[in-house]
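Undergrad: The sequence and its predicted three-dimensional model are supplied below.
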Amino acid sequence: MENQEKDRLIASIQRLNRLIILLVFVFILLALYIQFRPKFNLFNREHQAITPYVEQQISPEDSAWRDAMIDTWIAPDLEEIKDPSKKEMLLYGQDLIAHTAKYFGPKGRISKTTNGLNCQNCHLNAGTKPWGNNYANVKYGYPKYRARSGEIESIQKRINDCFERSLNGKAIPNDGKEMKAIIAYMHFLGSNTKKGEAPKGSGIYNLPFLNRAASPENGKLVYDQKCASCHGANGQGQLNPDGIEYAYPAVWGPNSYNQGAGLYRISRLAGYVKYNMPFGVSIETPQLTDEEAWDVAAFINSQEHPTKDISKDWPKIQEKPIDHPFGPFSDQFSEKQHKFGPFKPIKKAKK
């Protein structure tokens with residue numbers, strides 16, 4: 001009995017010692033947290049979601065991403081529309097954006113005049129995702145002067161540019177039901193914006209230029225690791241079983257966007273993939289570093305894409321973007337540098 005009492009006493013002392021050690025450890029952690037909290041904000045919920053981007057950030061000069069998290073545009077809700085006829089038109093416009101191939105693809109109901117991609121393959125979530133190339137700024141954005149054509153463009157012209165370039169197809173009638181539905185839907189998405197102000201989260205995020213040229217070779221490694229499982233090792237995407245739409249779109253080859261599309265400029269593609277790819281990521285949860293985004297964009301756009309006559313684009317050569325991949329240019333830099341960079345010297349010379 002005496003030995004049992006002694007054993008119980010020893011066990012109690014050991015438990016107490018472990019508890020004391022644990023409390024001391026917790027106290028040390030708490031003291032460290034209090035001391036360094038202003039620097040790291042480890043437990044600040046406002047910043048917790050974007051901590052992964054801070055850890056992998058490649059370009060220190062890119063600080064605007066913090067502002068992008070505040071007051072970001074949110075698309076209005078279609079369910080709030082009470083007028084049945086108006087709602088029907090808007091839903092049709094939404095469906096045309098989300099499932100364009102059903103109407104105009106190789107097996108389209110209306111015509112068979114596009115490559116089978118959907119508008120929302122480039123304008124995510126039917127044009128509603130922040131930084132997903134959305135339509136937040138379309139309502140008050142047109143008509144406007146566009147340097148690519150050198151003219152004042154209507155919204156109809158801009159939409160048909162996408163049909164002819166990103167969808168590598170033919171224009172749809174400016175006065176047709178489909179065009180009217182698409183415009184109505186885009187204008188609805190901009191109904192909570194103000195004229196003359198581009199809301200935060202609109203369009204594509206502008207990534208800072210690298211201090212080097214983007215590398216297609218490095219980009220292939222990124223593509224193989226992060227992209228090929230959906231878009232295929234050959235970049236041809238994956239069709240749904242019905243063969244009408246793509247589950248994952250082609251990113252090069254005959255069914256991809258052509259060389260006149262906006263995403264054929266790697267600055268546009270890099271900004272797009274940074275906060276949207278692999279599919280499902282956002283500005284809060286990116287998987288790619290800035291360098292990886294630039295490199296994979298360089299790899300994708302160095303692969304074969306359909307051609308288009310763009311000889312009439314950028315009639316004022318001095319207005320041509322510095323990453324437009326085709327000459328002639330108003331400077332002394334090579335076509336290769338205009339396509340892959342480094343872009344900082346071109347930008348500096350342009351000033």
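TA: Received, thanks.

Undergrad: ok so residue 349 is a strand residue?
TA: No: Residue 349: not assigned to a strand; according to DSSP: H, G, I helix; E, B strand; the rest coil it is helix.

Undergrad: and the most centrally placed residue in the chain, what is it in contact with?
TA: The centre of the chain sits closest to residue 272, judged by Cα atoms, centre = their mean, with a distance of 2.8 Å. Neighbouring residues of residue 272 by Cβ atoms under 8 Å, 6 or more residues apart in numbering: 122, 132, 133, 204, 263. In short, each C-beta sits where N, CA and C put it, glycine included.

Undergrad: out of those residues, which are inside helices?
TA: Among the contacts of residue 272, none falls in helices (DSSP state H).

Undergrad: tell me the two of those residues that are most distant?
TA: 132 and 263 (12.7 Å; Cβ to Cβ).

Undergrad: Using CSV, list the CA coordinates for stretch 265-272.
TA: Extracted as CSV, the C-alpha positions of stretch 265-272 are listed here (Å, rounded to 0.1, in the frame of the first residue of the first chain):
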residue,chain,number,x,y,z
ARG,A,265,-0.3,39.4,-75.6
ILE,A,266,1.5,37.7,-72.7
SER,A,267,0.9,40.6,-70.3
ARG,A,268,-2.8,39.9,-70.6
LEU,A,269,-2.4,36.2,-70.4
ALA,A,270,0.0,36.4,-67.4
GLY,A,271,-2.4,38.7,-65.5
TYR,A,272,-5.2,36.4,-66.3
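
Undergrad: which residues in the stretch 151-300 of the chain form strands?
TA: Per DSSP state E, counting those that start in this stretch, the stretch 151-300 of the chain carries strands over the ranges 151-153, 238-239, 246-248.

Undergrad: Of all those, which one comes closest to residue 316?
TA: strand 151-153 (10.9 Å).

Undergrad: elements contacting the closest one?
TA: Contact analysis of strand 151-153 by 3 or more Cβ pairs under 8 Å, 6 or more residues apart in numbering; DSSP states H and E lists strand 144-146 as its packing neighbours.

Undergrad: wait, isn't residue 101 in contact with residue 121?
TA: No: Residue 101 is beyond contact range of residue 121, at 9.3 Å (criterion: Cβ atoms under 8 Å).

Undergrad: Now the common contact residues for those two.
TA: residue 246.

Undergrad: what's stretch 213-233 in contact with?
TA: Outside of stretch 213-233, the residues within contact range by Cβ under 8 Å, 6+ apart are 237-238, 248-251, 266, 270, 277-279, 287-288, 291-292, 294-300, 302, 337, 340-342.

Undergrad: any idea of the pLDDT on residue 79?
TA: According to the predicted model, the pLDDT of residue 79 comes to 94.

Undergrad: Determine the number of other residues adjacent to it.
TA: Per other Cβ atoms under 10 Å, the neighbour tally for residue 79 reads 7.

Undergrad: distance of it from residue 192?
TA: Taking Cβ to Cβ, to the nearest Å as the measure, residue 79 falls 15 Å from residue 192.

Undergrad: and if you look at residue 321?
TA: Per Cβ to Cβ, residue 321 is found 30 Å from residue 192.

Undergrad: which of the two has more neighbours?
TA: It is residue 321, of residue 321 and residue 192, that has more neighbours when counted by other Cβ under 10 Å, with 16 against 13.

Undergrad: Without its sequence neighbours, what residue ends up closest to the more buried one?
TA: Of all residues not flanking residue 321 in the chain, residue 265 sits nearest, at 6.3 Å (Cβ to Cβ, 6 or more residues apart in numbering).

Undergrad: same question, residue 269
TA: residue 297 (3.9 Å).

Undergrad: who's in contact with that neighbour?
TA: Going by Cβ under 8 Å, 6+ apart, residue 297 touches 214, 219, 266, 267, 269, 270, 273.

Undergrad: top of these by neighbour count?
TA: The most crowded member of those, judged by other Cβ under 10 Å, is residue 270 (31 neighbours).

Undergrad: What sits closest to that one if chain neighbours are left out?
TA: residue 297 (4.0 Å).

Undergrad: wouldn't residue 179 be in contact with residue 156 here?
TA: Yes: Residue 179 lies in contact with residue 156 (Cβ under 8 Å); the separation is 6.1 Å.

Undergrad: What are the contacting residues of stretch 187-197?
TA: 73-76, 78, 81, 90, 93, 127-128, 134-140, 199, 202.

Undergrad: How confident was the prediction at residue 56?
TA: Residue-level pLDDT assigned to residue 56 equals 36.

Undergrad: Alright, that wraps it up for me.
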